[in-house]
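**Q** Just need the structure, nothing else, for what follows:
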Amino acid sequence: MKKVCIDIDDVIFKTASHILETLGLFFNEQYSINSLSIYDIEECLKLPSDIVTDAIDIAVSNEYPELEKDSRKTIKWLSQFYDITLLTSRNGSEYLDCTLDALANRDIIYNSLRFGKDKVSFINSMSIEVFIEDNPEYIKDVVDTCNTTVLVYDKPWNKQFKESQYLHRVYNWQEVKEWFMIKLGG
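**A** A predicted model of the protein is given here:
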């Protein structure tokens, strides 16, 4: 069966929104995801590293994270045609249990779950056909070094990418499904 690899944070779950909400409580401020012009929240908002780390820990440890609209339904549909691997740069030794709980509590279907920052090696070694990602660093690395199509899950921090043979922008999970329906011929 063909293989699809999907990032978790800000592709399946609305992780950045939860981080910003937590930071807002810490600082009595309103932070918007639209203010994140780069992927690094700490650098973008000029906030102390330890506070941002605490907010990330709270957001990632959430056992009932908010889903990106239609992510669960579309992944379930995709699982009829593809093996689904969830590939996250989360620290597996630190976040394994809460990640498994969040995926189970939100009924996310997948065949395998991988942790690690070396997404390129994994994608190449597993012959992944399509990779759905929001992080600009991983998008660039995969497009530059893998024979894999990347669906850029649109976020304010990844606007620099233009469509090409191996790179397509999607704005929501309905567009992900439409892209795959065309690919599957129906």
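**Q** Let me see the domain layout of this protein.
**A** Domain assignment of the chain by automatic domain parsing yields the ranges 2-13+67-184, 15-60.
**Q** Was I right to think residue 153 contacts residue 135?
**A** No - counting by C-beta atoms under 8 Å, residue 135 is not a contact partner of residue 153; they are 9.4 Å apart. From N, CA and C alone the C-beta is placed, and that goes for glycine too.
**Q** between these two, which one's more packed in?
**A** Ranked by neighbour count (other C-beta atoms under 10 Å), residue 153 and residue 135 place residue 153 first, with 25 against 20.
**Q** re earlier: now list whatever residues contact both of residue 153 and residue 135.
**A** Common neighbours of residue 153 and residue 135, counting by C-beta atoms under 8 Å, 6 or more residues apart in numbering, are residue 7.
**Q** any idea which of the domains of the chain is most buried?
**A** Of all the domains of the chain, domain 2-13+67-184 has the most neighbours on average by mean count of other C-beta atoms under 10 Å, namely a mean of 17.
**Q** pLDDT on that domain, on average?
**A** Across domain 2-13+67-184, pLDDT averages out at 96.
**Q** ok, now stretch 28-44?
**A** Per-residue pLDDT over stretch 28-44 has a mean of 94.
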